[in-house]
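Student: Test case, fold it:
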Amino acid sequence: MSECYGHKRELLYWWLLLLIILYNIFGGFFLALSYFGTDQSQVGRYISAKDTSTGRMGLLLNGLVKIPMQFSILLIGALLFTFFSLKPAPIYFNERSYQYLKETQPAQAQVFEAEHKLLQQDLSRQSTALLAKKEQGVVAPAVLSAYKETQQKVKALHGKVEGAINSTGYNAERTDTNYIFLYFVKNTLPVGMVGLLFAVIFLASWGSISAALNSLAASSVKDIHLLIKTAAITDKKELALSRLHTLLWGLFSIAVAMFATQMGSLIEAVNVLGSLFYGPILGTFLVAFYFKNIKGPHVFVAAILAEALVILIYNMDIVSFLWLNIVGAAGVILFSLLSVLIYRPKELNS
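Tutor: Predicted structure coming up:
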């Protein structure tokens, strides 16, 4: 009887795991569809190509390169977890925030450090024992169980330290997730490699930031400013307007970046922020492709309503952020169809 029950539990576990995987794949599909199909960075690549075949090839290569690049980013996280399982990890990776805690609450910090030291010793001993057993081809469930228990204690201690730091109100960042890689680079890599790595990061970020600001400025100038201002302007005036819009978008990006630091992992923050807006944009494109009879005013109102629905669902935390793309796209289509049924403007006689 117990064997049958255990078999059913295992079967249920694998079915739930499969559903979770499919759930995220489906939501991620719409996120990728929104990004590669409607994002200005991808559209810029397409319209700047010399012909249609070159543009398609560029988009295809960009999609193919995205897979190993994303895998490499996630692999770094897995490797860092393994590294700090074998080597002593700090009690908190944001050293400046923890230093502030030590200065304001020294007694509490000493208690944390004493517990952390014991846990790190246990973790190092257990991880070494696990590796030794693996090399011998021996299964050691007791050692593995003790290792998992120690990991839970380390996680619980980290939560206590994080809560104590957040209670001081010293830093707007609620976690130290984005400091793990920086701590590894600063304290492990040789000096020359650190400088080279930071130079590569700065060069890559400059290129992406420049492309983003230029595309945003071009869109706002062409699609908003020049449409509102009907009077013709000179090229010199348009260049000045473009520079002004670039400055404004730069300030806006700084504000968003300051907000994003409170969202935990930067990778997740980028996908969350994208999912808040990509869905209605994708829905607008889908309506344009497949519902030719729906006019612009209907789609505009539908996009606003769909965006409001996405933000409402995100604040209520009803579904995963990946599914916000589906909600936004489906919302635009649904609201567009309803608006056509509700409001049909009379056509003027020619």
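
Student: any idea which residue sits dead centre in the protein?
Tutor: In the chain, the residue lying closest to the centroid (CA atoms, centre = their mean) is residue 268, at 2.6 Å.

Student: Next up, phi/psi of it, please.
Tutor: phi -70, psi -40 (degrees, to the nearest 10).

Student: OK, contacts around it?
Tutor: residue 321 (CB atoms under 8 Å, 6 or more residues apart in numbering). The C-beta positions use only the backbone N, C-alpha and C, and glycine is treated the same way.

Student: Which pLDDT does the model give it?
Tutor: Looking at residue 268, its pLDDT is 79.

Student: again with the one 4 residues further on
Tutor: For residue 272, the pLDDT comes out at 85.

Student: measure the residue nearest to the centre of the chain to residue 65 for me?
Tutor: 21 Å (CB to CB, to the nearest Å).

Student: On the three-state scheme, residue 174 is what?
Tutor: coil (DSSP: H, G, I helix; E, B strand; the rest coil).

Student: Please verify my assumption that it contacts residue 262.
Tutor: Yes - Residue 174 is within contact range of residue 262, at 5.8 Å (criterion: CB atoms under 8 Å).

Student: First-to-last residue distance for stretch 91-100?
Tutor: 13 Å (CA to CA, to the nearest Å).

Student: low-scoring stretches of the stretch 101-250 of the chain, by residue?
Tutor: 172, 230 (pLDDT under 70).

Student: Mind jotting down where the strands sit in it?
Tutor: Counting by DSSP state E, counting those that start in this stretch, the stretch 101-250 of the chain forms no strands at all.

Student: Helices of the stretch 251-350 of the chain, start to end?
Tutor: Remark: helices assigned in the stretch 251-350 of the chain by DSSP state H, counting those that start in this stretch are 266-290, 296-316, 324-342.

Student: counting contacts, what elements does the shortest one pack onto?
Tutor: Pointing back at helix 324-342 there. helix 2-38, helix 266-290, helix 296-316 (3 or more CB pairs under 8 Å, 6 or more residues apart in numbering; DSSP states H and E).

Student: For the shortest one, buried residues please.
Tutor: To tie it back to what came earlier, the one meant is helix 296-316. Buried residues in helix 296-316, counting neighbours by 16 or more other CB atoms under 10 Å, are found at 298, 299, 301, 302, 303, 305, 306, 307, 309, 310, 313, 314.

Student: Not counting its neighbours along the chain, what's nearest the third one?
Tutor: Spelled out, it's residue 301. Nearest residue to residue 301, sequence neighbours excluded (CB to CB, 6 or more residues apart in numbering): residue 339, at 5.8 Å.

Student: same deal with the first one?
Tutor: With CB to CB, 6+ apart as the criterion, residue 298 has its nearest non-adjacent residue at 4.2 Å, and that residue is residue 339.

Student: quick one: pLDDT of the one you found?
Tutor: 86.

Student: just to revisit the earlier point, can you add distance to residue 206 and give the helices of the stretch 251-350 of the chain back as CSV?
Tutor: Formatted as CSV, the helices of the stretch 251-350 of the chain follow (distance: least, CB to CB, whole Å):
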stretch, distance to residue 206
helix 266-290, 17
helix 296-316, 31
helix 324-342, 29
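
Student: how distant is stretch 108-126 from the center of its chain?
Tutor: Offset of stretch 108-126 from its chain centre (CA atoms, centre = their mean, to the nearest Å): 32 Å.

Student: Contacts made by it with the rest, please.
Tutor: Counting by CB under 8 Å, 6+ apart, 85-89, 91, 98, 101-102, 143, 146-147, 150-151, 153-154, 157, 160-161, 164 sit against stretch 108-126.

Student: For burial, what's the neighbour tally of residue 174?
Tutor: 14 (other CB atoms under 10 Å).

Student: ok, now how distant is it from residue 158?
Tutor: Remark: distance between residue 174 and residue 158 (CB to CB) = 13 Å.

Student: Residue 109 too?
Tutor: Shown here: residue 109 relative to residue 158, a distance of 14 Å by CB to CB.

Student: Ok, residue 209 next?
Tutor: 32 Å.

Student: Look at these two and report which has more neighbours.
Tutor: Just comparing residue 209 and residue 158: by other CB under 10 Å the higher neighbour count belongs to residue 158, 19 against 12.

Student: Reformat the helices and strands packed on helix 324-342 as CSV; add distance to residue 187.
Tutor: As requested, the helices and strands packed on helix 324-342 are exported to CSV (distance: least, CB to CB, whole Å):
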stretch, distance to residue 187
helix 2-38, 34
helix 266-290, 20
helix 296-316, 37
